[in-house]
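J.: Okay, predicted coordinates and the sequence, questions at the end:
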Amino acid sequence: MGKLKAGSFNPLPIAPMVLVGANVNGKPNYMTVGFVNGVNIKPSIVCISLNKNHHTPKGIIENGTFSINIPSADYVTETDYCGLVSGKTTDKSNIFTTFYGELETVPMIEEFPITCECKYIDKKVEFAMDILYFGEVHQVYANEEIIRSNKEVDIVKANPLILGIDNLYRTVGESVGQAYQNGWKYIPKERTPMPDLFSDTYQCQLIDQPAQPSLTIRFQVTAENIPQIIGQALFAITRYAGELGVSPAGAPFVAYHGMDGHKMDMEIGFTFRQRLKGKDNIQASEIPGGKYASCIHFGPYEQLGGARAVLHQWMLKNNYSGTGVSYEFYLNAPQKTPPDKLETQIVFPLR
Ligand SMILES: Cc1cc2nc3c(=O)[nH]c(=O)nc-3n(C[C@H](O)[C@H](O)[C@H](O)COP(=O)(O)O)c2cc1C
């Protein structure tokens, strides 16, 4: 395929559209912004890039706060208008109904489905025309009707606006895949054979095992909370098993049941020789009997992704298909074992 040199410009084909709000001289002012992004998960830090001559940055510096307001497509005209006129010469305080949240100095737009108030963290990067401002998200306000039962935002209902490189506003289209999951379906092309290194490192095999009764706790967690949640869950189950006077039959394990929004649906627990009763959030569960693809990873937990990929490739090569669930058994204790000596068994149930 021929490649054309298209010049030097921002090649990102789309940008989310937001209105940045700040009180300037005591009056709400809103400006349209496409240069906006998240830069840190915890604490949640966002950045916006604003031209040095605009009116809104004055309010950001004045109050040390600003808002990010996500318009729905119903407000495409008002959104564009706020990007055409400046608060220096046009009063933009009456275009929307303004409300204030916990920080009290951050004007937010009542009519928009999602708004958030941010504290300017006194960190900026200056470029020739624009200044990049960083803010910590203090609170997000979302309309009830766009929040699903699992507290996730329903992006289709929020109906946000995106700006194309062609200067057209568009709405969000169909979902075409599940993030953090679709990648597992990747099949390497013929020209990139799996390095031998992998097959040497991981002995993948087919195992057949009976059903194993277990006690587990199931959670939906974001990636950064996983280690802490695993520790707490195993502690609670061990204590409960102690109350029952029983000991686990094997190593602690985690079952990954897939993603729910950007949260991992996972079950943490131990297997036991006999079936036990659950209590509170500890449930009597079972690792089903049947055929499994299995391999052992020797080394730090951060490298488990590579082992999972190799096992998955091995399954594809042998025409095995998984159920979508995967298990990890932690064969030695991370508190007492150096990371390079950790042993983890990865197991994929087969259909
Ligand atoms: C679609 C669109 C995207 C824009 N994105 C940005 C941006 O990312 N940064 C910026 O400084 N100005 C951006 N602007 C321009 C400002 O919104 C515009 O100059 C506005 O009038 C400034 O308002 P103010 O002077 O009241 O702050 C954009 C305008 C439009 C229409």
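T.: Alright, I've got the coordinates. What you are looking at is a predicted structure, and each value in this text was computed from that prediction instead of being measured.
J.: Just give me the neighbour total for the residue in the stretch 101-250 of the chain that the ligand sits nearest to.
T.: Residue nearest to the ligand within the stretch 101-250 of the chain: Leu163 (5.1 Å; Cβ to the nearest ligand atom). To be clear about C-beta, it is placed using only N, CA and C from the backbone, and glycine gets the same treatment. As a burial measure, Leu163 scores 20 neighbours (other Cβ atoms under 10 Å).
J.: Who does it form a beta bridge with?
T.: Ala15, Tyr169 (DSSP bridges).
J.: can you tell me how far it sits from Val76?
T.: According to Cβ to Cβ, to the nearest Å, Leu163 stands 10 Å off from Val76.
J.: same check, this time on Val347
T.: Distance from Val347 to Val76, by Cβ to Cβ: 50 Å.
J.: which residue is nearest the middle of this protein?
T.: His262 (4.1 Å; Cα atoms, centre = their mean).
J.: where's that one relative to Val33, distance?
T.: For His262, the distance to Val33 - Cβ to Cβ - is 24 Å.
J.: ok, the helix or strand that contains Glu267: who's next to it in the sheet?
T.: Using DSSP states H and E, Glu267 sits within strand 263-271. Paired neighbours of strand 263-271 in the sheet (DSSP bridges): strand 212-221 (antiparallel), strand 253-260 (antiparallel).
J.: Let me see the ranges of the helices in the stretch 201-350 of the chain.
T.: Along the stretch 201-350 of the chain, counting by DSSP state H, counting those that start in this stretch, helices occupy 226-244, 304-317.
J.: so where's this structure uncertain?
T.: 1, 190-200, 261 (pLDDT under 70).
J.: What residues does it have near the ligand?
T.: Within reach of the ligand by Cβ under 6 Å from any ligand atom, the chain has these residues: 29, 31-35, 49-51, 54-56, 80, 83, 85-88, 130, 163.
J.: Including mean neighbour count, could the helices of the stretch 201-350 of the chain go into CSV?
T.: As requested, these are arranged in CSV below (neighbours: other Cβ atoms under 10 Å):
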stretch, mean neighbour count
helix 226-244, 15
helix 304-317, 18
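J.: Thr115 versus whatever residue of the stretch 1-150 of the chain ends up closest to the ligand, what's the distance?
T.: Minimum separation of the stretch 1-150 of the chain from the ligand (Cβ to the nearest ligand atom) falls at Gly83, amounting to 2.6 Å. Using Cβ to Cβ, we find Gly83 at a distance of 17 Å from Thr115.
J.: domain ranges for this structure?
T.: Structurally, the chain divides into domains by automatic domain parsing as follows: 14-171, 182-349.
J.: Just name the most buried of those domains.
T.: Of all those, domain 14-171 carries the top mean neighbour count, a mean of 17, counting by mean count of other Cβ atoms under 10 Å.
J.: Now find how far off-centre it is within its chain.
T.: From the chain centre to the centre of domain 14-171 is a distance of 21 Å (Cα atoms, centre = their mean, to the nearest Å).
J.: Then stretch 294-306?
T.: On Cα atoms, centre = their mean, the centre of stretch 294-306 falls 22 Å from that of its chain.
J.: host element of Ile48?
T.: Here Ile48 is assigned to strand 45-51, by DSSP H and E.
J.: sorry, back to before: pretty sure the residue nearest to the centre of the chain is touching Val221, no?
T.: No. His262 is beyond contact range of Val221, at 10.2 Å (criterion: Cβ atoms under 8 Å).
J.: which residues touch the closest residue to the ligand within the stretch 251-351 of the chain?
T.: Using Cβ to the nearest ligand atom, His262 is the residue of the stretch 251-351 of the chain that sits closest to the ligand, at 25.1 Å. His262 is in contact with Glu152, Ala179, Tyr180, Thr222, counting by Cβ atoms under 8 Å, 6 or more residues apart in numbering.
J.: who does the spatially closest residue to the last one that is not a sequence neighbour bridge with?
T.: Across the structure, with Cβ to Cβ, 6 or more residues apart in numbering as the measure, the residue nearest Thr222 apart from its sequence neighbours is Lys263 (5.6 Å). Bridge pairing for Lys263 (DSSP bridges) gives the partners Asp260.
J.: cool, the one 4 residues further on as well?
T.: On the basis of DSSP bridges, Glu267 is bridged to Arg218, Ala255.
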